[in-house]
Structure formats: structure tokens, C-alpha cells
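*Asks:* Structure for this input, please:
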Amino acid sequence: MARYNKCPCGSGASFAMCCDSIISGSRKASSAEELMRSRYTAYVIKNVDYLARTTHPSARTDDLEKSIRKWMKQVEWLKLHVIAAEDNHVEFIAEYITTTAPGRHHECSTFEKLDGEWYYVGEEIEET
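*Replies:* Okay, the predicted model is just below:
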């Protein structure tokens with residue numbers, strides 16, 4: 001796995017003190033926004049297990065990991081822009097590039113906290 005000085009999530013913090021500590025399990029995400037940022041970073045570093053584990057149990061499908069791997073093979077994530085974060089909703093734009101063109105993934109995500117841990121529930125998506 002590649003190591004980064006600054007966290008790919010764009011927080012400005014070091015990777016070790018930001019998303020890496022959440023992804024590795026040494027600390028829990030303290031908010032929906034922190035979980036979303038750590039999930040973005042998991043896509044950047046291609047950590048399928050973390051993405052599956054942080055998906056809400058009600059949203060996990062039999063082909064979840066396969067779907068995540070397929071998506072990872074198609075894109076290289078470049079930059080994250082958090083537009084708004086309130087309670088259990090986070091709106092963001094993630095810039096990426098494919099083998100054919102650049103793109104922007106605009107998502108309004110919903111999260112839920114269960115037994116002290118945040119989980120990704122679902123989204124409304126706009127690809128441009």
C-alpha cells in the first residue's frame with residue numbers, strides 16, 4: 001500500500017493521524033464526515049475490506065466487494081471536495097480520471113451511527 005505524507009482526503013492532516021488511523025482501526029470515525037473522508041481514502045488506497053466493513057449492514061449486498069473492486073479498476077481518484085456536512089448527511093465532489101476522460105462524482109451520502117460506529121447507508125449520485 002502506498003504511503004502518503006498528507007492524507008488523500010484533503011483534510012490537511014498527516015495520513016497517519018487522519019484516515020489511516022480510522023482505516024486501520026486504531027480509532028473510530030467521530031462523525032459522518034470523518035467516515036466519508038476515510039471511505040474516500042480507502043478508495044484511493046484500494047482497501048476493499050474497509051469499504052465493505054463500513055457499509056451499513058442493511059446496504060450490504062452479496063456482490064458488494066466485487067462491485068467495489070470493479071469501480072476501483074475503472075478510476076484513479078484525484079481530489080475530494082466536501083461541500084456540506086450536517087448530522088448524518090455529507091455532500092461531496094470527488095474528482096477522478098479514467099482511461100478515457102476525467103470526471104466528477106457528486107454525491108449526497110447518508111450515514112448512520114450504530115453501537116458507537118458510523119456506517120455508510122446510501123447516496124444520491126450525479127456523475128459529470
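*Asks:* all helices of this protein, in order?
*Replies:* For the chain, the helices defined by DSSP state H cover 19-23, 32-45, 48-53, 64-74.
*Asks:* Which of those helices sits closest to Cys108?
*Replies:* helix 32-45 (10.7 Å; Cβ to Cβ). Glycine gets a C-beta too; all of them are placed from N, C-alpha and C.
*Asks:* So which residues make contact with that closest one?
*Replies:* 1-2, 7-11, 15, 18-20, 22-23, 29, 50-51, 54, 71-72, 77, 80, 82, 85, 87-90, 92, 94, 109, 111, 113, 118-120 (Cβ atoms under 8 Å, 6 or more residues apart in numbering).
*Asks:* Out of these, list just those in strands.
*Replies:* Mapping the contacts of helix 32-45 onto strands (DSSP state E) picks out 77, 80, 82, 85, 89-90, 92, 94, 109, 111, 113, 118-120.
*Asks:* could the residues you listed be laid out in TSV, adding neighbour count and distance to Val44?
*Replies:* Formatted as TSV, those follow (neighbours: other Cβ atoms under 10 Å; distance: Cβ to Cβ, whole Å):
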residue	neighbour count	distance to Val44
Trp77	18	5
Leu80	21	9
Val82	17	15
Ala85	18	19
His89	16	22
Val90	25	17
Phe92	22	14
Ala94	21	9
Ser109	21	17
Phe111	24	19
Lys113	15	24
Trp118	24	19
Tyr119	22	20
Tyr120	19	16
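*Asks:* I'd like those residues as a markdown table, with distance to Gly103 and pLDDT appended.
*Replies:* Output for the ones in strands among the contacts of helix 32-45, formatted as a markdown table (distance: Cβ to Cβ, whole Å; pLDDT from 0 to 100):
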| residue | distance to Gly103 | pLDDT |
| --- | --- | --- |
| Trp77 | 10 | 95 |
| Leu80 | 14 | 98 |
| Val82 | 18 | 97 |
| Ala85 | 22 | 96 |
| His89 | 23 | 96 |
| Val90 | 19 | 97 |
| Phe92 | 14 | 97 |
| Ala94 | 9 | 96 |
| Ser109 | 18 | 96 |
| Phe111 | 24 | 97 |
| Lys113 | 31 | 97 |
| Trp118 | 27 | 98 |
| Tyr119 | 26 | 98 |
| Tyr120 | 21 | 97 |
